[in-house]
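> sequence first, predicted coordinates after that:
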Amino acid sequence: MKLYLPRDAAAKALGADAVADAILSHAARLGVTVDLVRNGSRGMVWLEPLAEVDTAAGRLAFGPMTPADVPGLFVDLGLHPKALGLTEALPWMAGQTRLTFARVGVIDPLSLADYQAHGGLSGLRRALAMPPAGIVAEVLASGLRGRGGAGFPTGIKWKTVAEATADRKYIVCNADEGDSGTFADRMLMEGDPFTLIEGMIIAGVAVGATKGFVYLRSEYPDAIVVMTEAVALARAAGLLGASVLSIGPAFDIEVRTGAGAYVCGEETSLLNSLEGKRGVVRAKPPLPALQGFLGKPTVVNNVISLATIPAIFEMGAAFYKGFGLGRSLGTVPLQIAGNVARGGLFECAFGLSLTQIIDDIAGGTATGRAVKAVQVGGPLGAYFPRSMFHLPFGYEEYASADGLIGHAGIVVFDDTADMLTQARFAMEFCAIESCGKCTPCRIGAVRGVETLDRIARGDTAAIPLLTDLCQTMKAGSLCALGGFTPYPVMSALTHFPDDFSPLKEAAE
Amino acid sequence: MHRCPMLPPSADPKTRLPQSVPQSLPEIMAEILADHRGLEGALLPILHAVQAAWGHIPQAVLPLIAHDLNISRAEVHGVVSFYHDFREHPAGRHVIKLCRAEACQAMGSDRVASHAKQVLGIDWHGTTPDGRVTLEPVFCLGLCACAPAALVDGRVVGRVDEARFDALLAEGAL
């Protein structure tokens, strides 16, 4: 009997390990031999721990499981109270276009054989048969843009590094996924780590780099374990090492652990951190593509950007480009979080509206109350009111509405949220996490908290001061931390003025 | 001259110190430094190893690291003090990290944090007088669809409301 139960951190956080223990001990009691695969998560977090039983008809889903539900898996499956039917037929699964996450939740994350049986390494094999310039051209043609949030065309970055001359070049994977509401990088690394390794190898071959780093945040202990083991397995199998698959150039990967600094998700402070320095932002130019890690040409890409590369090479740039809208091409793993009835990861083409995402896919709030605001793109993203939910999900579409899609995290708040409190938190977070290099960020964020406290006390004269401060931070900071903190603050002020009004308490 | 202070009591149950063969701090440091020789940008991996060994970064290791990497002691201190993860003092026997970020806020994490502080009688970064629990804020554990989230001695926990927090404390897990 073959069963699947995720090892994904979200499943574990909801009790998956206890369910796994119950499955093994109950099977032993019955004398039944079970093959229990600890897979990645299918992304339906409200159903975790989600067990799957392999049957002739396909994989049947059961969830959310508790140890008490386990004995039912060993009798008539149709009568199980947590039976959900075929996993692939569930509306959440059927509504997706899973390209980057095609194997996540399907395979054993640490089985290279399973990986290859599901299309793994076919992208790399195709890339290895191409000249390096051809690989770069394919990425350019795919229209892939940085999924970390900045949206810079991945192919152009690779081209810059490929054309630079140096004795050493590097591939750095930014796995410092610090934005609240985002967990796609974590799920990918825990559920299909070889995809990221394959993408990094293709990047290395394309630009002439022989060394890669995965800079993985310390807040992800489970992802660190899986990623480290996957790299060791890849090395043992000859996928990494002196010659990739015995036919390619040398390439190896090292997993590095961050140390709890949000700003290290910014590429230049990440590079400083990787070099063993304080994670202080660097001025650009020079671009990391020309002078990055240890001053050498370096590709710095997000986990999802790199993990999408194998799919692009497996299915072709033209296929990938066929999804999306405008200049936002391909698919995006939406991470639906916060106060939602059905939260999790949903990969689809760009272009959905927040109404579709929140009302239809996520089923509204968990508390059952009205949705008040949605923060898109992490702690530096704007808060949108329902009147803006029609915006199609895309880089330019959100930028033109004074927001950003960021890493595609979507955090929903119900009508009990106070937007002045949220604006104050944005400033407080910036003050805590500022690297200290730029004065508008380092000092401005502290003054921002004080100014919002004045407004909270009913001093509306402080509102123009806050607006002015936000302008200064936006224009005078080197990186997105100081530069984008004004997005959540100003969007809260603009779209929810009642929460900043001195009449607020009287009205309540 | 490298001083050789008494080893502080280990805060981490997964300490690398063998119980039977006591080693001095310089001896353990020599091992850690040897393990990381040749790494590009070795300082963070070294500091993680130091914290795994002693549960914090003892002042006495700074000159040893500085000497080995040929950087100043001030530079090592600058790096230690920059990152939230590195402690200058030992933590309690158990460390509870509660997520303070937006997705958890949307599910009531501020309320849970106030409750935790009240039950434990400490503020953020504080340790209970009996040395049992240290309470720390964390900004996102990637568990945003099962918020509020916590990390208890490195173990992930989802949907932590006040009752779940009390259960965690009572479970004997702590």
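Sure, I can see it. Numbering: from 1, shown residues only, chains lettered A, B, ... in the order given.

> quick one: contacts for A:Gly63?
A:Met44, A:Leu47, A:Glu48, A:Pro49, A:Leu50, A:Ala51, A:Lys82, A:Leu84 (Cβ atoms under 8 Å, 6 or more residues apart in numbering or on different chains). No exception for glycine: its C-beta is placed from N, CA and C like everyone else's.

> for it, give me the pLDDT.
The confidence metric pLDDT takes the value 96 at A:Gly63.

> and A:Val207, by the same measure?
Looking at A:Val207, the pLDDT reads 98.

> domain-wise, how is chain A divided?
Per the record, chain A has its domains at A:2-94, A:112-321, A:324-414, A:419-507, by automatic domain parsing.

> re the thing from before, near chain B, from the contacts of A:Gly63?
Of the residues in these, proximity to chain B by Cβ under 8 Å from any Cβ of the partner chain holds for A:Glu48.

> tell me the one of the contacts of A:Gly63 nearest chain B?
A:Glu48 (7.2 Å; Cβ to the nearest Cβ).

> how about the closest one: what's its closest non-neighbour residue?
Residue nearest to A:Glu48 in three dimensions, not counting chain neighbours: A:Ala11, with 4.3 Å by Cβ to Cβ, 6 or more residues apart in numbering or on different chains.

> what are the phi and psi angles of that neighbour?
phi -70, psi -40 (degrees, to the nearest 10).

> contacting residues for A:Leu140?
Here A:Leu140 is in contact with A:Pro153, A:Gly155, A:Ile156, A:Lys159 (Cβ under 8 Å, 6+ apart).

> show the buried residues in these.
The neighbour count (16 or more other Cβ atoms under 10 Å in any protein chain shown) marks A:Pro153, A:Gly155, A:Lys159 as buried among these.

> so which of the contacts of A:Leu140 are in strands?
Among the contacts of A:Leu140, none falls in strands (DSSP state E).

> how near is the spatially closest residue to A:Ala370 that is not a sequence neighbour to A:Ala223?
Distances taken as Cβ to Cβ, 6+ apart place A:Asp415 nearest to A:Ala370, at 4.7 Å, with adjacent residues excluded. Plainly put, A:Asp415 is 34 Å away from A:Ala223 if you go by Cβ to Cβ, to the nearest Å.

> could you look up the SS state of A:His390?
Following DSSP: H, G, I helix; E, B strand; the rest coil, we place A:His390 in the coil state.

> that one touches A:Ser353, doesn't it?
Yes. Taking contacts as Cβ atoms under 8 Å, A:His390 lies within contact range of A:Ser353: 5.2 Å.

> neighbour count for the two, which is higher?
It is A:Ser353, of A:His390 and A:Ser353, that has more neighbours when counted by other Cβ atoms under 10 Å in any protein chain shown, with 16 against 10.

> ok, now which ones touch the more buried one?
A:Phe389, A:His390, A:Leu391, A:Pro392, A:Phe393.

> what about A:Asp415 and A:Ala223, which has more around it?
A direct count of neighbours by other Cβ under 10 Å for A:Asp415 and A:Ala223 places A:Ala223 higher, at 28 against 11.

> next, the buried residues of the helix or strand harbouring A:Ala141.
A:Ala141 belongs to helix A:132-142 when assigned by DSSP states H and E. Using 16+ other Cβ under 10 Å as the test for burial, helix A:132-142 gives A:Pro132, A:Ile135, A:Val136, A:Ala137, A:Glu138, A:Val139, A:Leu140, A:Ser142.

> likewise stretch A:392-411?
A:392-395, A:397-398, A:403-411.

> stretch A:75-95 now?
Neighbour counts over stretch A:75-95 (16+ other Cβ under 10 Å) mark A:His80, A:Lys82, A:Ala83, A:Leu84, A:Thr87, A:Leu90, A:Trp92, A:Met93 as buried.

> nearest to chain B among the residues you listed?
Set against chain B, the nearest of those by Cβ to the nearest Cβ is A:Trp92 (12.0 Å).

> and the closest one, what is it in contact with?
A:Trp92 neighbours (Cβ under 8 Å, 6+ apart): A:Arg42, A:Gly43, A:Met44, A:Arg342, A:Gly344, A:Phe346, A:Ile361.

> check A:His26 too.
A:Val70, A:Pro71, A:Phe74 are the contacts of A:His26 under Cβ under 8 Å, 6+ apart.

> OK, contacts around the residue nearest to A:Asn302 when sequence neighbours are not counted?
Spatial nearest neighbour of A:Asn302, chain neighbours left out: A:Gly148 (3.3 Å); criterion: Cβ to Cβ, 6+ apart. Residues near A:Gly148 by Cβ under 8 Å, 6+ apart: A:Asn174, A:Gly265, A:Asn301, A:Asn302, A:Ile304, A:Ser305, A:His407.

> between the residues you listed, which has the most around it?
Neighbour max across those (other Cβ under 10 Å) = A:His407, 29 neighbours.
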